[in-house]
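Chemist: Let me see the structure of the following:
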Amino acid sequence: MPNEKAWASNEATRAISGSSRNVDTKPEVALRRAVHALGLRYQVAVQPLPNIRRTADLVFRRSKVAVFLDGCFWHGCQQHYRLPASNSDYWHQKVELNRDRDVRLNSLLIEAGWLPLHVWEHEDPQAAALKIAEAIRKRRADMDRQS
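Modeler: Predicted structure coming up:
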(Lines give C-alpha, C1' and ligand atoms only; values in the text may rest on other atoms or scores of the structure.)
Protein backbone atom coordinates (compact mmCIF):
# COMPACT_ATOMS: atom_id res chain seq x y z
CA MET A 1 0.00 0.00 0.00
CA PRO A 2 1.61 3.30 -1.07
CA ASN A 3 2.29 5.90 1.57
CA GLU A 4 -0.20 8.74 1.14
CA LYS A 5 2.33 11.28 2.47
CA ALA A 6 5.33 10.04 0.51
CA TRP A 7 7.77 12.74 -0.62
CA ALA A 8 7.80 11.56 -4.23
CA SER A 9 4.72 12.03 -6.34
CA ASN A 10 4.75 8.59 -7.95
CA GLU A 11 6.27 5.12 -7.66
CA ALA A 12 8.78 5.62 -10.48
CA THR A 13 10.22 8.74 -8.83
CA ARG A 14 10.39 6.97 -5.47
CA ALA A 15 12.17 3.99 -7.04
CA ILE A 16 14.81 6.17 -8.73
CA SER A 17 15.54 8.17 -5.59
CA GLY A 18 15.46 5.18 -3.30
CA SER A 19 17.78 3.08 -5.41
CA SER A 20 20.57 5.62 -5.75
CA ARG A 21 23.70 4.71 -3.84
CA ASN A 22 25.26 7.17 -1.42
CA VAL A 23 28.72 5.63 -1.11
CA ASP A 24 31.02 3.48 -3.26
CA THR A 25 29.57 4.37 -6.62
CA LYS A 26 31.78 3.51 -9.61
CA PRO A 27 32.87 7.14 -10.12
CA GLU A 28 33.70 7.48 -6.39
CA VAL A 29 35.77 4.31 -6.33
CA ALA A 30 37.63 5.36 -9.50
CA LEU A 31 38.37 8.80 -8.03
CA ARG A 32 39.51 7.34 -4.71
CA ARG A 33 41.84 4.90 -6.48
CA ALA A 34 43.35 7.71 -8.56
CA VAL A 35 43.84 9.95 -5.51
CA HIS A 36 45.31 7.08 -3.48
CA ALA A 37 47.70 6.24 -6.33
CA LEU A 38 49.12 9.77 -5.98
CA GLY A 39 50.01 8.98 -2.37
CA LEU A 40 47.24 11.03 -0.79
CA ARG A 41 45.32 9.68 2.17
CA TYR A 42 41.82 10.75 3.06
CA GLN A 43 38.66 9.90 4.94
CA VAL A 44 35.62 8.66 3.03
CA ALA A 45 32.04 9.90 3.46
CA VAL A 46 32.53 11.93 6.61
CA GLN A 47 31.35 15.31 7.80
CA PRO A 48 34.06 17.94 7.39
CA LEU A 49 32.37 20.06 10.06
CA PRO A 50 30.78 18.31 13.04
CA ASN A 51 27.88 20.78 13.33
CA ILE A 52 26.76 20.38 9.71
CA ARG A 53 24.90 17.25 8.65
CA ARG A 54 26.49 16.96 5.22
CA THR A 55 29.19 14.53 4.22
CA ALA A 56 31.98 15.01 1.71
CA ASP A 57 33.09 12.12 -0.49
CA LEU A 58 36.77 12.65 0.37
CA VAL A 59 38.02 14.64 3.35
CA PHE A 60 41.60 15.77 3.86
CA ARG A 61 41.48 17.04 7.44
CA ARG A 62 45.07 18.28 7.77
CA SER A 63 44.69 20.41 4.63
CA LYS A 64 41.05 21.24 5.31
CA VAL A 65 39.94 20.15 1.84
CA ALA A 66 36.52 18.58 1.26
CA VAL A 67 35.90 16.89 -2.10
CA PHE A 68 32.39 16.31 -3.42
CA LEU A 69 31.81 14.04 -6.39
CA ASP A 70 28.64 15.46 -7.90
CA GLY A 71 26.35 13.30 -9.98
CA CYS A 72 25.36 14.87 -13.29
CA PHE A 73 21.67 14.12 -12.74
CA TRP A 74 21.39 15.02 -9.04
CA HIS A 75 23.38 18.26 -9.25
CA GLY A 76 22.27 19.43 -12.69
CA CYS A 77 25.46 19.21 -14.74
CA GLN A 78 25.28 21.77 -17.56
CA GLN A 79 26.80 19.26 -19.96
CA HIS A 80 24.69 16.15 -19.24
CA TYR A 81 21.60 16.99 -17.20
CA ARG A 82 18.31 16.53 -18.98
CA LEU A 83 15.06 17.21 -17.17
CA PRO A 84 12.93 14.06 -17.18
CA ALA A 85 9.67 14.34 -19.10
CA SER A 86 7.80 12.53 -16.34
CA ASN A 87 7.25 14.50 -13.14
CA SER A 88 9.40 17.34 -14.45
CA ASP A 89 8.26 19.90 -11.87
CA TYR A 90 9.37 17.63 -9.03
CA TRP A 91 12.78 16.92 -10.60
CA HIS A 92 13.41 20.55 -11.47
CA GLN A 93 12.71 21.54 -7.88
CA LYS A 94 14.81 18.68 -6.51
CA VAL A 95 17.87 19.60 -8.58
CA GLU A 96 17.52 23.31 -7.78
CA LEU A 97 17.34 22.50 -4.06
CA ASN A 98 20.49 20.37 -4.40
CA ARG A 99 22.29 23.22 -6.15
CA ASP A 100 21.19 25.72 -3.51
CA ARG A 101 22.32 23.37 -0.75
CA ASP A 102 25.71 22.99 -2.44
CA VAL A 103 26.16 26.79 -2.52
CA ARG A 104 25.20 27.13 1.17
CA LEU A 105 27.52 24.28 2.17
CA ASN A 106 30.41 25.77 0.21
CA SER A 107 29.90 29.07 2.04
CA LEU A 108 29.88 27.38 5.44
CA LEU A 109 33.02 25.42 4.64
CA ILE A 110 34.86 28.49 3.39
CA GLU A 111 33.84 30.45 6.50
CA ALA A 112 35.32 27.64 8.61
CA GLY A 113 38.61 27.76 6.69
CA TRP A 114 37.97 24.77 4.41
CA LEU A 115 38.37 24.47 0.66
CA PRO A 116 35.39 22.76 -0.99
CA LEU A 117 36.22 21.07 -4.30
CA HIS A 118 33.57 19.71 -6.65
CA VAL A 119 34.22 17.05 -9.27
CA TRP A 120 31.59 15.98 -11.78
CA GLU A 121 31.03 12.25 -12.10
CA HIS A 122 31.82 12.46 -15.82
CA GLU A 123 35.31 13.92 -15.26
CA ASP A 124 38.33 11.75 -15.85
CA PRO A 125 39.33 10.34 -12.42
CA GLN A 126 43.07 10.76 -13.03
CA ALA A 127 42.69 14.37 -14.16
CA ALA A 128 40.42 15.11 -11.19
CA ALA A 129 42.91 13.44 -8.83
CA LEU A 130 45.68 15.67 -10.17
CA LYS A 131 43.52 18.78 -9.56
CA ILE A 132 42.83 17.60 -6.01
CA ALA A 133 46.51 16.88 -5.38
CA GLU A 134 47.49 20.34 -6.65
CA ALA A 135 44.89 22.04 -4.46
CA ILE A 136 46.12 20.12 -1.42
CA ARG A 137 49.75 20.94 -2.22
CA LYS A 138 48.88 24.67 -2.41
CA ARG A 139 46.85 24.52 0.81
CA ARG A 140 49.68 22.83 2.68
CA ALA A 141 52.21 25.36 1.38
CA ASP A 142 49.93 28.25 2.42
CA MET A 143 49.37 26.70 5.86
CA ASP A 144 53.12 26.16 6.33
CA ARG A 145 53.80 29.82 5.45
CA GLN A 146 51.21 30.99 7.96
CA SER A 147 52.62 28.98 10.86
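Chemist: where along the chain do the helices fall?
Modeler: For the chain, the helices defined by DSSP state H occupy 11-19, 26-37, 72-75, 88-111, 125-146.
Chemist: Mind checking the ones you listed for the one nearest to residue 66?
Modeler: helix 88-111 (5.9 Å; Cβ to Cβ). Where you see a C-beta, it was placed from the backbone N, CA and C, and this is true even at glycine.
Chemist: Name the residues of that closest one that are buried.
Modeler: Along helix 88-111, these residues count as buried under the neighbour rule (16 or more other Cβ atoms under 10 Å): 90, 91, 94, 95, 102, 105, 106, 108, 109.
Chemist: Who are the packing partners of it?
Modeler: The elements that helix 88-111 packs onto, with contact taken as 3 or more Cβ pairs under 8 Å, 6 or more residues apart in numbering; DSSP states H and E, are strand 65-70, helix 72-75, strand 115-120.
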